[in-house]
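**Student:** okay, structure incoming, though there's no sequence with it:
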């Protein structure tokens, strides 16, 4: 048998990508400096140049996470794989686990925790609301848990979860706290060490201004100790953090082949954060979000989340009665090249989701979006 | 507490990557057209443009795998994650599994299969040799297996495993055959449909001339059926092929965010394969490998694998007595910017590994390497 005939080249034209303005829940726009880094020729993953770059990426990630945790690395997969790394490594079969669900990603955490054999309890809040420390304390009093997982910035609802007192509650019970910072890292304070988060993870395609493909994660010394005392092997080979750590650590033991180009990109994205400074960056995200909120209100639109718990990185706006929400999104894309997103799960058909993250968080993007929305809605 | 002080910019200079000629076991050199694709601005992962690109990537992957399998997609992780996807999805706890180990990656398959609860039997051959169909048959007669896993192109040894009769043997017993084609896909015939491979996976950083970061995989209809009849959920959320398939299929159900840029790159890398044509491409890999072998022999070096089982994509050369193998590699890198690799596992210190894969498989690279080796060895 001879090999199949080659595909007809006319079916596979040159890449000819529409110039989108990405104002949805991610991916966000990638900084041009990061795009340039992506096009850099490769070195080997054990090349001395790449080895020192890995160290620098780790150091810059510690700055972004506001931590001194040794185990701070980019997982070689998207943010979802970093979520799974946290769950797979800290949960052993039979471990009691509490998952706080107030959106899509809490639900996903519960799904993953179940797959790794966790004895999963959940508490829930309506999508768009946040948990009080008392709710978490009551749940833990009823069912003590080894691991509590909660989402800092719920991409599906636009709500920011306060974490300080919840972390105290979890630690008072001897538990570990996993925090999802996919939509907050690099856009608002995550304060891993100050809060005492035990495992915190994110993705590169939101506030880090990089393409999707890596999932930064950091583990506290307490979490590392739990990891070192596991009774069972981690059920997941690719995300086994002990092996990944030996690859990223001074041993450089071969595990998998790190995505070289994605790490070039992350290095550049993190350098941009260091140059801007975290506080200025948070301030920029806040200013552009406030400009957006004011503009949306003056279009008679209502935010889904009250101001005190509203994310600056991702805004949910209620769909006005009588408006075909999908058509508005399609017209934004077709007529203005602007991407925003609809709602997920409970909020499907009820909200738009507007992201202003990383390189997308720019005054000109806000003004353009408001102007386009005004034309489409009025 | 205020955020940490920004890192000192002088510690984090611009990327300044040495111009390496990558002739190791991967990553290989990336085609300049692929590098340019990597720098393309992003669209959203649910953008109509990206959705049609996903279809095209799948169609081109089918050409590369020589298959008509519907379930043919790039996993959003490196080749190791695609290996784990095959294992995690086809093995349920308690399933009898036979792993054929004649190198590093067979050992890894056995590790993974154990983590997913497989009842793992192994057969072994010395590193550099291949299995006969009789060996596989005898092992299956003694312990029938639901899944047999074997490596087509062992990156750690340079041996090519003949598969036709082994596939017949496995199917005669009603088993499924998993084949590792990380170092063969795009460099030599893989013939998924002709051989009847049930799950075949690869990585993008070898013969596909792309950066590491995606793991193409294809499943036969028979494997899809086994998947659909699982009694237990796949223990791995990120690699759960039913969910990944719904994301890549006509449903486009949200699962994770595909690495957009890596898929742009894969599209371009696969277009290059379609333009060159598989047969010309295999021929190019063979001609450059033969040029290398002749040159190495005229330097009085000996190949580790006999010609009939020697990979054209990855050559293992025995280290001559009295030669400091690490020093030779260091000098190749320092003086010529050429990367080759040492041996892994059983072959550590005994061989060099020279890869001529994808864009790295070029006459000028062979001639340069031979010339540099001659200067360093004589």
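**Tutor:** Arrived safely, thanks for sending. These numbers were taken from a predicted model, which means no experiment stands behind them.
**Student:** what packs against the helix or strand of chain A with the lowest mean pLDDT?
**Tutor:** One helix or strand of chain A scores below all others by mean pLDDT, DSSP states H and E: helix A:241-248, with a mean of 94. Helix A:241-248 sits against strand A:72-75, helix A:79-90, helix A:221-228, with contacts defined as 3 or more Cβ pairs under 8 Å, 6 or more residues apart in numbering or on different chains; DSSP states H and E. The C-beta positions use only the backbone N, C-alpha and C, and glycine is treated the same way.
**Student:** mean pLDDT and distance to residue A:290 added to the ones you listed, as JSON lines?
**Tutor:** Shown next, in JSON lines, are the helices and strands packed on helix A:241-248 (pLDDT from 0 to 100; distance: least, Cβ to Cβ, whole Å):
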{"stretch": "strand A:72-75", "mean pLDDT": "98", "distance to residue A:290": "31"}
{"stretch": "helix A:79-90", "mean pLDDT": "98", "distance to residue A:290": "26"}
{"stretch": "helix A:221-228", "mean pLDDT": "97", "distance to residue A:290": "36"}
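**Student:** could you list the contact residues of the stretch 201-350 of chain A toward chain B?
**Tutor:** A:203, A:205, A:211-213, A:233-239, A:254-262, A:264-265, A:267-268, A:271, A:274-275, A:277-279, A:333, A:339, A:341, A:344 (Cβ under 8 Å from any Cβ of the partner chain).
**Student:** let me see the mean pLDDT of stretch A:323-341.
**Tutor:** For stretch A:323-341, mean pLDDT rounds to 98.
**Student:** what sits up against it?
**Tutor:** By Cβ atoms under 8 Å, 6 or more residues apart in numbering or on different chains, the surrounding residues in contact with stretch A:323-341 are A:18-25, A:319, A:342, A:349, A:352-355, A:368-369, A:372-373, A:376-377, B:43-44, B:46-48.
**Student:** so where do the strands sit in the stretch 101-250 of chain A?
**Tutor:** For the stretch 101-250 of chain A, applying DSSP state E, counting those that start in this stretch gives strands covering A:119-124, A:147-151, A:153-154, A:159-160, A:176-180, A:199-201, A:215-219.
**Student:** how is chain A carved up into domains?
**Tutor:** Listed domain ranges for chain A are A:21-28+A:278-377, A:32-274 (source: automatic domain parsing).
**Student:** tell me where the stretch 201-350 of chain A has helices.
**Tutor:** For the stretch 201-350 of chain A, the helices defined by DSSP state H, counting those that start in this stretch cover A:221-228, A:241-248, A:260-276, A:278-298, A:325-336.
**Student:** which one of the ones you listed lies closest to residue B:73?
**Tutor:** helix A:260-276 (18.9 Å; Cβ to Cβ).
**Student:** just the angle for the closest one relative to helix A:278-298, thanks.
**Tutor:** On the basis of axes from the mean of the first three to the mean of the last three Cα atoms, to 10 degrees, helix A:260-276 is oriented at 90 degrees to helix A:278-298.
**Student:** what is helix A:260-276 packed up against?
**Tutor:** Contacts defined by 3+ Cβ pairs under 8 Å, 6+ apart place helix A:260-276 against helix A:32-38, helix A:48-65, strand A:72-75, helix B:260-276.
**Student:** nearest residue to the residue of the stretch 101-250 of chain A found nearest chain B in space, please, no chain neighbours.
**Tutor:** Using Cβ to the nearest Cβ, the closest approach of the stretch 101-250 of chain A to chain B is made by residue A:213 at 3.7 Å. Closest residue to residue A:213 apart from its sequence neighbours, by Cβ to Cβ, 6 or more residues apart in numbering or on different chains: residue B:259 at 3.7 Å.
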